[in-house]
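Visitor: need the 3D shape of this:
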Amino acid sequence: MIINNESIFDCTADFRDYLLKDLAEPEFAKLYLETSLEHYAEDGDTQMLARAITNVVEARTASGEFTPLTDRDLKNLSDALDADCSPQLDVLRNILTVLGVHTPTLHQ
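Guide: Next up is the predicted model:
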């Protein structure tokens, strides 16, 4: 059997698809965010924290089981992820609160 990139891609799945499927489950999403907060407390990387929050929001919104975020919340999240600026911690904190995650380690 000859293995090439095409055959490899045919036999593998996209990690992001699996992640988003798992993140649609509220308990998994909460653990994922809590772990992301622990990493944030260690390294202070707000971009990675914002990416984790975005993953959860995307997964939970796509599942149709989670819709408490308003269009304004989603715009604020998008603005917080703008590559030209650092994510605003107060916006991230508010979105985490809506997601049901306490943020004692999230401080400026």
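
Visitor: quick one: Val91 from Ala24, how far?
Guide: Counting by CB to CB, to the nearest Å, the gap from Val91 to Ala24 is 23 Å. Placement of C-beta: from N, CA and C, glycine included.

Visitor: skipping adjacent residues, who's closest to Leu19 in space?
Guide: The shortest distance from Leu19 to any residue other than its chain neighbours is 6.5 Å, reached at Asn55 (CB to CB, 6 or more residues apart in numbering).

Visitor: give the other helices and strands that the host helix or strand of that neighbour contacts.
Guide: Taking DSSP states H and E as the definition, Asn55 sits inside helix 46-62. If contacts are counted by 3 or more CB pairs under 8 Å, 6 or more residues apart in numbering; DSSP states H and E, helix 46-62 sits against helix 15-23, helix 26-43, helix 71-80, helix 89-98.

Visitor: return the most buried member of those helices.
Guide: Mean neighbours per residue, mean count of other CB atoms under 10 Å, is largest over those for helix 89-98, with a mean of 17.

Visitor: CA atoms only for it, dumped as PDB, please.
Guide: This file holds the C-alpha atoms of helix 89-98, laid out as PDB (Å, rounded to 0.1, in the frame of the first residue of the first chain):
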ATOM      1  CA  LEU A  89     -10.300  41.000  29.900                       C
ATOM      2  CA  ASP A  90     -13.600  42.500  31.100                       C
ATOM      3  CA  VAL A  91     -15.300  41.300  27.900                       C
ATOM      4  CA  LEU A  92     -13.800  37.800  28.300                       C
ATOM      5  CA  ARG A  93     -14.900  37.800  32.000                       C
ATOM      6  CA  ASN A  94     -18.400  38.700  31.000                       C
ATOM      7  CA  ILE A  95     -18.700  36.000  28.400                       C
ATOM      8  CA  LEU A  96     -17.200  33.400  30.800                       C
ATOM      9  CA  THR A  97     -19.900  34.400  33.300                       C
ATOM     10  CA  VAL A  98     -22.600  33.900  30.700                       C
END
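
Visitor: just want the angle from it to helix 26-43.
Guide: Counting by axes from the mean of the first three to the mean of the last three CA atoms, to 10 degrees, helix 89-98 lies at 150 degrees to helix 26-43.
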